[in-house]
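A.B. asks: the amino acid sequence is not available; the structure is as follows:
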């Protein structure tokens, strides 16, 4: 391997910067011009006074410059053609899927003429299912089940009467004592009706 | 007239394939270079670049102009590269370029080497490139990604943070550590330090 020219930097890098104004991470950010102006100014001021940090910065700049000589590769001549051919295939496939979906929506729309913008709604639904599948589907399923459950649940009409039939006289008395006015009144009306 | 990446992407979202072609032209070389530095294999880098562009096209409908296109593209590429490296280690395979560097398969490389991709034939530069590639490969994944994106792709720290899913402070530390390590590795590889006359 070829021997590269070696130049000694001052041995300052083994020492520690006493005022410690420049955080080592900030030296890299300083090279990349990623520091805000006021901090950049502070670091610059510090570098003028501190030979340790200045030497450290020089080393970092040298490494960065060396890295930039890595050399680039270029895409082969048929790369763009290859990508665009595959993209066209995907676009065609997407269009076919779209057209099939639109046709289904149109059929449903015609059969359910009263529902406007069904295709748009279906499109949104399909998009949501495709993009946020696991969470979205679970929430959607839960919502559908809740709605169906609420719709199907029918409480019996004379619920209080049925409960009363099951109660014996002792329980009725205890009910009167424990619950305040309302059960008593209801009980009396019930007994009157009978 | 210069059209921004984000505008091109919005056009692509509406089904304009021409706009997408322009994006591919714009990013094909930087992306191949990035992936090449990440996985150290030119042919696989081309495949992965193609896959990246394809994924971008497929998910164009999900793209929002609030996010920078560049960081989005490199996020997809980084994920693909990570998968590639994971699969590679699982299969326990090494690529041709790695063998070449070890000098195990010189004959085949002489036949297969495409001089288009090595325009500079000077020995010194070739050596330098090999050393840099080797030393870059020795860095931990996150440090390599951060350093490559900042040094070669000219990305801002915020964009790198977005790609790596970490804070800007973490990126700052990653880059500094990567540079420090590169410095040590380069000295170890026999490359001395020359004084750089740059104004502080």
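C.D. replies: All right, it came through fine. Predicted model, so just to flag it, every value in this text is computed and none were measured.
A.B. asks: does residue B:78 count as helix, strand or coil?
C.D. replies: Put simply, residue B:78 is helix when judged by DSSP: H, G, I helix; E, B strand; the rest coil.
A.B. asks: wait, doesn't it sit right on residue B:145?
C.D. replies: Yes - Residue B:78 is within contact range of residue B:145, at 5.9 Å (criterion: Cβ atoms under 8 Å). Yep, even glycine has a C-beta here, placed from its N, CA and C like the rest.
A.B. asks: need the overlap of contacts for these two.
C.D. replies: B:38, B:163-164 (Cβ atoms under 8 Å, 6 or more residues apart in numbering or on different chains).
A.B. asks: let me see the mean pLDDT of stretch A:69-76.
C.D. replies: On average, the pLDDT along stretch A:69-76 is 80.
A.B. asks: buried stuff in that stretch?
C.D. replies: A:70-71, A:73, A:75-76 (16 or more other Cβ atoms under 10 Å in any protein chain shown).
A.B. asks: helices and strands of chain B: which one bottoms out on pLDDT?
C.D. replies: helix B:106-112 (a mean of 42; mean pLDDT, DSSP states H and E).
A.B. asks: give me the domain ranges for chain A.
C.D. replies: Following automatic domain parsing, one finds the domains of chain A at A:11-67, A:92-140, A:160-193.
A.B. asks: which element is residue 38 on?
C.D. replies: Assuming you mean chain A. Element membership for residue A:38, per DSSP states H and E: helix A:37-49.
A.B. asks: actually chain B
C.D. replies: Going by DSSP H and E, residue B:38 is in helix B:17-39.
A.B. asks: buried stuff in that helix?
C.D. replies: For helix B:17-39, by 16+ other Cβ under 10 Å, it's B:19-24, B:27-28, B:30-39.
A.B. asks: now do the strands in the chain.
C.D. replies: This is for chain A. Secondary structure of chain A by DSSP state E: no strands are present.
A.B. asks: okay, now the unreliable bits of it?
C.D. replies: Along chain A, the parts satisfying pLDDT under 70 run over A:1-23, A:105-106, A:109-120, A:126-133, A:154-194.
A.B. asks: in it, where's the longest helix?
C.D. replies: The residue-count maximum for a helix in chain A (DSSP state H) belongs to helix A:79-111.
A.B. asks: near chain B at all, that one?
C.D. replies: Yes - residues of helix A:79-111 contacting chain B under Cβ under 8 Å from any Cβ of the partner chain: A:79-80, A:82-84, A:86-88, A:90-91.
A.B. asks: can I get the residues you listed in CSV with neighbour count?
C.D. replies: Shown next, in CSV, are those (neighbours: other Cβ atoms under 10 Å in any protein chain shown):
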residue, neighbour count
A:79, 18
A:80, 16
A:82, 17
A:83, 24
A:84, 19
A:86, 15
A:87, 21
A:88, 12
A:90, 13
A:91, 17
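A.B. asks: between those residues, which sits nearest residue B:133?
C.D. replies: Closest approach between those and residue B:133, by Cβ to Cβ: residue A:79, at 21.0 Å.
A.B. asks: re the thing from before, what residues sit buried inside the helix holding residue A:38?
C.D. replies: For helix A:37-49, the neighbour count (16+ other Cβ under 10 Å) marks A:43, A:46-47 as buried.
A.B. asks: now check it, is it near chain B?
C.D. replies: Yes - applying Cβ under 8 Å from any Cβ, one finds helix A:37-49 touching chain B at A:44, A:47-48.
A.B. asks: among those residues, which one sits closest to chain B?
C.D. replies: residue A:47 (5.1 Å; Cβ to the nearest Cβ).
A.B. asks: isn't the closest one up against residue A:56?
C.D. replies: No - between residue A:47 and residue A:56 there is no contact under Cβ under 8 Å: 9.4 Å.
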